[in-house]
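> coords please:
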Amino acid sequence: MRLFLSSDQCLNFKTWKKTYGTGTSKTTGSDIMVLSNGDYLVSGVTRQYILTGSPVGVTNNFAGSNGITLNTFLMRVSKENGDILWVDYLGEATVETYFKPNLNRYSNGDISVAMIVTGASQPSPLNAKSGIGIPSLFVGRIKENGTRVWYTYLDSPSIGETVVSAMDTSNRLHVFIENIWDTTSVSHAPFVDGPAIINTPLGGSSDSDFIHLAVNENGFMSFQRFFTSAGGDYVFGVDANTNGLFISGTTSQGANGTIHPNINTQTPIVMKVNEVDGTIIWYQYFGISAEGDYGPFRFYLKDDQMFLLGNARNTFGSPTESLVAADGTIKHFLLTKFNTNGTFLWNSFLGSNSEATVDFSESEPLFLSSSQLLFRTLSSSSTGRYTSSPNSIIDTATGVYPLADIFVNPVSGEFNRFNYQSNLTSPTQEKTEVMKEICSGKLVRLNYTKFTSANFPENTQISIENVNLP
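Here you go, the predicted structure:
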């Protein structure tokens, strides 16, 4: 990211906002990346041609029928005004998920993509897809102009819905993909296209495991390992830097030999794993048994700092920012920090004393060049404001579900500032999925728009906007 925080880009920065997709069917974004010249690369799924009237992609065209068939896509847009420069389609998609596939970079600037696809195999992969209509893992290495260096399919009859990935410093792409029970083989089945899996699954027909696999820079799998226990196991976040490879998720039993503190409840876990074979170097559970099952947490790695953002009703530890409702009653956002040695540093709760936080409304956290941590949420429907108290508030919002930018001191967990802005006119709602800092005080946002208060509706569109830091 620091590669792109140049003074020239700040001087030429223009504010704009542009939407993609008509909103009459599904178009959602999963990640946004800043390219070497400042343009943006976006990944996502859509049922519509991204370019109106044209199914054509750089390497592969839209599969199926416009308005009906769900496709995975990449598009490059201009930093100047958001105009689409090129589109490519990676194949039919399975479903939209809350924790979406992310983009990564090789050391030479090439882009890595790992997505779950179905439908027919595209021409000339390293390894062909096993069958039409069967989910496969698509892994590709792609140039900034959209051409593919290589791409491949990895097959298992147990592929689920969630996939996340990270690139380590040796250009190995680490993929964590949901693994479900296969009724034909009566097992949690590994991938058939690489080395034999290192360990065996521990769960049965009703649970979910994950497989950690690594793909080298030439497109070949180097290992695969189950992340597994006798209960349900989930990986929601993964990232890597010079400090190592780190993952976060939840598990209801002791996954991969870890000692679970609250058996039979989904408990958050963060861990460091070996980049060569996936063995655990250290792990830490957090939370308390009174919470019961925790939901998913967003995960963000910055140098030697790790931040996890999820939800909780029950306090634990000595939070910097405390619950603002009676313990155990009202759901708050929970922001937690660890260092890359696994030491728990602080937690803070963000919420209201009368209303629960809005499900699935938080963006990924972002560490700013001003040494603040930023994330964005929808605030509550009726009061529209948090009861949690920051050092300062800027409030220009009217209407329901205002957008709240939350600025946090990353050293202490203290809330520095809340900035409230109006949302779109109800029932239409916009939320921010991902933010990237272009240069000091300048952001690009990837937003998700829905036209009902329901979660994951069919009719959606995305927008990209260049903005000054609120």
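> contacts, neighbours, all on C-alpha from now
OK.
> and the helices in this structure?
Secondary structure of the chain by DSSP state H: the helices cover 7-11.
> which regions of the stretch 251-400 of the chain sit below the pLDDT cut-off?
Across the stretch 251-400 of the chain, no stretch falls below the confidence threshold (pLDDT under 70).
> please, where are all the strands along it?
Per DSSP state E, counting those that start in this stretch, the stretch 251-400 of the chain has strands spanning 267-273, 280-285, 298-302, 305-312, 332-339, 344-350, 366-367, 373-378, 392-395. These are given in chain order.
> and for the fifth one, what are the contacting residues?
Strand 332-339 is touched from outside by 304-313, 323, 344-352, 356-357, with contacts defined as C-alpha atoms under 8 Å, 6 or more residues apart in numbering.
> that older thread, out of the strands of the stretch 251-400 of the chain, which gets nearest to Met75?
Closest approach to Met75 among the strands of the stretch 251-400 of the chain (C-alpha to C-alpha): strand 366-367, 22.7 Å.
> list the helices and strands that closest one packs on?
With contacts defined as 3 or more C-alpha pairs under 8 Å, 6 or more residues apart in numbering; DSSP states H and E, the secondary structure elements packing on strand 366-367 are strand 373-378.
> returning to that earlier point: for Thr94, which of the strands of the stretch 251-400 of the chain is the nearest?
From the strands of the stretch 251-400 of the chain, taking C-alpha to C-alpha, the stretch that ends up closest is strand 298-302, at 22.1 Å.
> with just CA atoms, put that closest one into CSV.
Extracted C-alpha coordinates of strand 298-302, given in CSV (Å, rounded to 0.1, in the frame of the first residue of the first chain):
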residue,chain,number,x,y,z
ARG,A,298,-13.2,-8.9,10.2
PHE,A,299,-9.4,-9.1,10.4
TYR,A,300,-6.8,-6.5,9.6
LEU,A,301,-3.0,-6.8,9.8
LYS,A,302,-0.7,-3.8,9.9
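> that one: which residues count as buried?
Taking 16 or more other C-alpha atoms under 10 Å as the neighbour-count basis, strand 298-302 is seen to contain the buried residues 298-301.
> do stretch 29-46 as well
29-35, 38-46.
> how about stretch 391-400?
When neighbours are counted by 16+ other C-alpha under 10 Å, the buried residues of stretch 391-400 are found to be 397, 400.
> about what we covered before: now the strands of the stretch 251-400 of the chain as TSV including distance to Val444?
Shown next, in TSV, are the strands of the stretch 251-400 of the chain (distance: least, C-alpha to C-alpha, whole Å):
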stretch	distance to Val444
strand 267-273	28
strand 280-285	33
strand 298-302	17
strand 305-312	20
strand 332-339	23
strand 344-350	24
strand 366-367	12
strand 373-378	13
strand 392-395	20
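> in ChimeraX, how would I select just the buried ones from the contacts of strand 332-339?
Buried subset of these, written as a ChimeraX selection, criterion 16+ other C-alpha under 10 Å:
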select :305,306,307,308,309,310,311,312,313,323,344,346,347,348,349,350,351,352,356,357
